[in-house]
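J.: requesting a structural model of the entry that follows:
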Amino acid sequence: MAVFCLGWEGQNHALAVAGQAASTVLLRVVMGWVYAYGGKSLFLAIVLHAMDNTCWKLFPNKGSHYNPAVTAIVLGFLIVPIAAFTNAQRIRRSSTARTTR
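T.: Purely as a prediction, here's the structure:
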């Protein structure tokens with residue numbers, strides 16, 4: 001599919017395909033974090049997924065201004081504090097478990 005998309009006229013499709021691939025992986029990381037730290041609520045993960053599927057269409061002209069590379073960059077900046085928070089939670093849990101033994 002990605003090779004097919006590279007042949008379209010218009011924008012730089014190699015960047016668009018790479019950005020879409022990166023944003024898909026990064027969104028899955030965010031979705032997993034929302035599920036794990038949202039009380040294992042599948043509903044929250046479904047709402048996040050539905051939001052991702054519909055929000056890009058809210059741009060004028062049915063997504064004409066959607067840029068997957070920008071989406072990947074924004075998600076990358078979002079994941080940094082998520083990873084820091086998750087790592088801090090794990091460190092606190094592991095240090096608490098060692099002191100209670």
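
J.: local confidence estimate at P68?
T.: Here the pLDDT value assigned to P68 is 85.

J.: what's the spacing between it and A88?
T.: Using Cβ to Cβ, to the nearest Å, P68 is found at 30 Å from A88. Heads up, the C-betas are built off the backbone N, CA and C, glycines and all.

J.: which of these two has more residues huddled nearby?
T.: Each of P68 and A88 has its neighbours counted (other Cβ atoms under 10 Å); P68 has more, 18 against 10.

J.: surely that one touches L27?
T.: No - P68 is not in contact with L27 according to Cβ atoms under 8 Å; the separation is 10.8 Å.

J.: need the overlap of contacts for those two.
T.: Shared contacts of P68 and L27 (Cβ atoms under 8 Å, 6 or more residues apart in numbering): none.

J.: in the helix or strand encompassing G76, what counts as buried?
T.: Assessed by DSSP states H and E, G76 sits inside helix 68-99. Neighbour-count burial for helix 68-99, counted by 16 or more other Cβ atoms under 10 Å, picks out 68-69, 71-72, 75, 79, 82.

J.: how many neighbours does the closest residue to V70 other than its chain neighbours have?
T.: Among residues not flanking V70 along the chain, G19 sits closest, at 7.4 Å (Cβ to Cβ, 6 or more residues apart in numbering). The tally of other residues near G19 (other Cβ under 10 Å) stands at 18.

J.: how close does G19 get to N87?
T.: Distance, G19 to N87, using Cβ to Cβ: 26 Å.

J.: do the same with A36
T.: 13 Å.

J.: so what sits against both of the two?
T.: What both A36 and N87 touch, as defined by Cβ under 8 Å, 6+ apart, is an empty set.

J.: Three-state assignment for A16, please.
T.: helix (DSSP: H, G, I helix; E, B strand; the rest coil).

J.: so it makes contact with N67?
T.: Yes - look at A16 against N67 with Cβ under 8 Å: they come within range, at 7.5 Å.

J.: quick one: contacts of stretch 58-76?
T.: Contact with stretch 58-76 is made by 15-20, 22-23, 26-27, 30, 56-57, as judged by Cβ under 8 Å, 6+ apart.
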